[in-house]
Every structure is written in structure tokens, then in C-alpha cells.
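> Need a 3D model of the following:
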Amino acid sequence: MTAWLTGNEVAGRIRERFPDSVTAANAVWVEVTPDSLVTVCEFLRDEPGLLMEQATNVTSVDWLEYYEVVYHLQSISTNQLMTLKCRPQDREDPVVPSVSAVWQGAWLQEMEVYDLMGIRFEGHPNLRRLFLWEGFAGWPLRKDFLQINRGQYSPGLPHFPKEGGERGLLVGPQWTQLPGAGLAPGDEVPADWAGTAVAGWGNTPVAPEQAEGPAT
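Prediction:
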């Protein structure tokens, strides 16, 4: 039966070798500093009793205040699993070292995290967009990419690119502005917005007297 190594258990073994590398740990995961990440990963891969030979999943989380990269590791030799975390120090320019030299399986997964979350992996041999095209501005899995609660919660897009025609497409480093960001249900829509796309709402209603063509 596969055994789950607790974060506290693994943290203790890491601290014995690298005393200043662990920043947090609990029953589920252990978190290490970016500076120690590669060294710790090599230790987890090579240490007898651990032998984490595979990075089965490399993903990331946007906690609004910060990002974190999450590594789900597995040992075929010892039939054990564990979770490792690393938090980039700068939210505006999130960077962690690449572990693709430790686990080849991380090579493609780091590209995916970069493409969708915008976290850079320093030392990756070919870091580039994977699903989206070069020049696409923005990171779709960040929580500020789309507006939440009609734009009152975050300043992102009113909708995904190309939904509703050209509105919402990128112009340089910023998204084009749509009227209506911040409107709540029941708010009065200004008359000069009639018939235009409003952020998060689609087209605004047009009064019968303003509609073209005969009434039916």
C-alpha cells in the first residue's frame, strides 16, 4: 500500500541536512525557500528511505497575496508520496528555480505553469508558452485575469479574449476598457451605453423608441 509522508516528517529530515531551508510544514506538505529548492529536491530524490524519483505533478496556486508552486512527488522504489511547496518572493515578478534537471518530468509541467500562471522557472532550458501563443499578454489562471463580481472584486478582463467580438482583446500591455466595470445588478445603465457591450453584461438593453425598424 502506498504510504503518504507527512510534511512534518519530511521537514525534519530536510532540516537535519539543510537547517535553514524549511519555511513551513504541516501534516500535508513542507515548504522550502527558493534558494534551497534545487538542493532539497536532489536530496529528496537521492536520500535512502525517500528516493522521490518522479515529480508526478507540478502546479501552482494564486493566493492573491502571493503565489506558490506545488510539487507532488512519488517514489516507485519505496512506494511513498509527498508534497513539496515553494513560494516565489516577488508577486510582481514571480520566479523560482527550475527542477527540470532533477526530474525530467518537470520540464513540460514548468512550461505549463509559466504559460498559464506567469511564474518563471530560472534555469529551464526552453521556457516558453505551451498552449497560448507568443505575445499573448496576461496569465489566464491568475485570479485577476477575469473580473469577479461584475468587476468589483478584481480589475481583470470582463470576459475571455475574443468573446463578444473584438471587445476585450489586448492592446499593448493593457486590456481595452469596456464601460460598466463595477456595475452591480440593479444599477442604472447610462443612456449613452445603450446597445454597447458592457463589462460582464454583454449588450445593454435598447429602448423601443431607439430600436431600428418597425416595432413588432
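> host element of Leu84?
Per DSSP states H and E: Leu84 is located in strand 80-86.
> Neighbouring strands of that strand in the sheet, and parallel or not?
strand 3-4 (parallel), strand 29-32 (parallel), strand 67-75 (antiparallel) (DSSP bridges).
> Could you pull up the contacting residues of Tyr71?
By Cβ atoms under 8 Å, 6 or more residues apart in numbering, Tyr71 lies in contact with 41, 55, 57-58, 83-86, 99, 106. (Each C-beta comes from the backbone N, C-alpha and C, glycine too.)
> meant to ask about Ser98, not that
Ser98 makes contact with 38, 106, 110, 121-125, 127 under the criterion Cβ under 8 Å, 6+ apart.
> can you give me the helices for this structure?
7-17, 37-46, 106-117 (DSSP state H).
> For ChimeraX, write a command that selects the buried ones of the contacts of Ser98.
Selecting the buried subset of the contacts of Ser98 in ChimeraX, with 16 or more other Cβ atoms under 10 Å as the burial test, is done by:
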select :38,106,110,121,124,127
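> May I see the contacts of Ser98 arranged in JSON lines, with distance to Val32 and pLDDT as well?
As requested, the contacts of Ser98 are arranged in JSON lines below (distance: Cβ to Cβ, whole Å; pLDDT from 0 to 100):
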{"residue": "Val38", "distance to Val32": "10", "pLDDT": "98"}
{"residue": "Ala106", "distance to Val32": "15", "pLDDT": "97"}
{"residue": "Glu110", "distance to Val32": "17", "pLDDT": "98"}
{"residue": "Phe121", "distance to Val32": "15", "pLDDT": "98"}
{"residue": "Glu122", "distance to Val32": "15", "pLDDT": "98"}
{"residue": "Gly123", "distance to Val32": "16", "pLDDT": "97"}
{"residue": "His124", "distance to Val32": "18", "pLDDT": "98"}
{"residue": "Pro125", "distance to Val32": "22", "pLDDT": "96"}
{"residue": "Leu127", "distance to Val32": "21", "pLDDT": "97"}
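> which among the contacts of Ser98 gets closest to Tyr67?
The shortest separation between Tyr67 and any of the contacts of Ser98 is 12.3 Å, and it belongs to Phe121 (by Cβ to Cβ).
> beta partners for Gln80?
Gln80 forms beta bridges with Ala3, Ser75, as assigned by DSSP bridges.
> Neighbours of it, how many?
Close neighbours of Gln80, defined as other Cβ atoms under 10 Å, add up to 18.
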